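Engineer: Give me a 3D structure for the following:
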Amino acid sequence: MSTSNFQSELESYYETQRRSHLTAKLQTATELMEETLLLCEVYDVLFEDELSPDENVRGLVASLRENAQKKEFDALEEELPGAIDALESERDDIKSELQHELHDIEERIGGFEALNRRIGKIDPDRIDSLKETVSKLDQVTIEPDTEFEQRAQEIRSITQEFENELRDVESSLFEDFRGSDIEGLIRSLLRGEELRLSERSAEDLMSLKDSELEPYVTLSLEGQ
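Structural biologist: Numbers count the residues shown, from 1 in each chain. All right, here's what the predicted structure looks like:
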């Protein structure tokens with residue numbers, strides 16, 4: 001084999017390896033962006049404010065896509081390391097924001113559990129199921145054999161089912177207090193809000209004491 005042919009084969013091999021390496025890096029970048037978008041789907045179903053990736057990050061992804069389509073391998077090789085770092089950081093920021101909000105829901109469910117122990121209104125398994133689901137809502141995964149939009153729809157459906165059950169459980173727990181003098185107070189308790197004695201009238205406190213929540217309120221006051 002001549003030197004020129006050997007060099008040509010080496011260059012071809014290098015280029016093949018290089019493209020394989022870039023393909024793997026592009027896949028990593030794609031999965032990071034998709035995971036971030038799935039986290040946003042969970043957030044958008046549960047909360048009024050929308051959550052979306054930063055515009056700069058979206059710009060990086062658009063540039064990677066354009067260079068990949070044009071087979072601009074030198075540009076890709078230069079952009080990918082910084083893009084992956086930015087995508088990973090954005091994914092972590094979005095996840096942290098979601099986890100912060102989910103923590104409030106976990107506390108709310110804890111309020112459901114404490115209240116239900118006092119009034120025995122619903123099957124405790126429903127509350128246990130809510131606790132299990134909310135602990136996993138930030139653990140979205142990419143399914144290699146599933147199109148992204150299909151996976152996003154699955155995530156939306158799971159999250160919507162959770163929200164519907166959350167509302168149903170709250171409504172069931174609240175049912176016996178609807179229309180009563182302490183309706184507003186019970187709503188606050190179910191949402192995990194603190195009951196401050198200085199902000200309540202004597203009539204409010206007497207109504208609470210005379211309700212099914214009397215043991216719960218007594219325990220809460222003793223614990224303060």
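Engineer: Setting aside sequence neighbours, what's the nearest residue to Glu101?
Structural biologist: Distances taken as Cβ to Cβ, 6 or more residues apart in numbering place Phe47 nearest to Glu101, at 5.9 Å, with adjacent residues excluded. In this view, the C-beta of every residue, glycine as well, is placed from N, C-alpha and C.
Engineer: next one: Glu90
Structural biologist: In this structure, Glu90 finds its nearest non-sequential neighbour in Val57, 4.7 Å apart by Cβ to Cβ, 6+ apart.
Engineer: was I right about the one you found contacting Ile84?
Structural biologist: No: at 11.1 Å, Val57 does not count as touching Ile84 under the criterion of Cβ atoms under 8 Å.
Engineer: The two: which has the busier surroundings?
Structural biologist: When Val57 and Ile84 are compared for neighbours, Val57 comes out ahead with 21 against 17, by other Cβ atoms under 10 Å.
Engineer: State the helix or strand in which that one lies.
Structural biologist: Element membership for Val57 (DSSP states H and E) is helix 55-69.
Engineer: and what of Ala86?
Structural biologist: Element membership for Ala86 (DSSP H and E) is helix 73-119.
Engineer: So which helix or strand of the protein has the lowest pLDDT on average?
Structural biologist: Within the chain, confidence by mean pLDDT, DSSP states H and E is lowest for helix 214-222 among all helices and strands, at a mean of 45.
Engineer: Any regions of this protein where pLDDT drops low?
Structural biologist: Along the chain, the model assigns pLDDT under 70 to residues 1-17, 179-184, 186-224.
Engineer: Pick out the residue closest to the middle of it.
Structural biologist: Asp138 (4.0 Å; Cα atoms, centre = their mean).
Engineer: can I assume it is in contact with Gln99?
Structural biologist: Yes: Asp138 is in contact with Gln99 according to Cβ under 8 Å; the separation is 5.3 Å.
Engineer: how would you label Asp138: helix, strand or coil?
Structural biologist: Taking DSSP: H, G, I helix; E, B strand; the rest coil as the rule, one finds Asp138 in the coil state.
Engineer: Let me see the contact set for it.
Structural biologist: If a contact means Cβ atoms under 8 Å, 6 or more residues apart in numbering, then Asp138 has 39, 42, 95, 98-99, 102 as its contacts.
Engineer: element containing Thr23?
Structural biologist: Taking DSSP H and E as the criterion, Thr23 maps to helix 3-46.
Engineer: same thing with Glu48?
Structural biologist: Using DSSP H and E, Glu48 falls outside every helix and strand.
Engineer: mind checking how far it is from Glu78?
Structural biologist: In this view, Glu48 and Glu78 are 40 Å apart by Cβ to Cβ, to the nearest Å.
Engineer: State whether Asn56 and Ala83 are indeed in contact, as I suppose.
Structural biologist: No: in this structure Asn56 lies outside contact range of Ala83 using Cβ under 8 Å: 10.5 Å.
Engineer: before we move on, the earlier item: for the residue nearest to Glu101, what are phi and psi?
Structural biologist: Backbone geometry at Phe47, expressed as degrees, to the nearest 10, gives phi -130, psi 160.
Engineer: ditto for Leu137
Structural biologist: When read as degrees, to the nearest 10, the backbone of Leu137 gives phi -70, psi -20.
Engineer: rewinding a little: neighbour count winner among Glu48 and Glu78?
Structural biologist: Set side by side, Glu48 and Glu78 show more neighbours around Glu78, with 12 against 5, by other Cβ under 10 Å.
Engineer: what about the nearest residue to Glu143 once chain neighbours are set aside, distance to Ala75?
Structural biologist: Residue nearest to Glu143 in three dimensions, not counting chain neighbours: Arg151, with 5.5 Å by Cβ to Cβ, 6+ apart. With distances taken as Cβ to Cβ, Arg151 is found 29 Å from Ala75.
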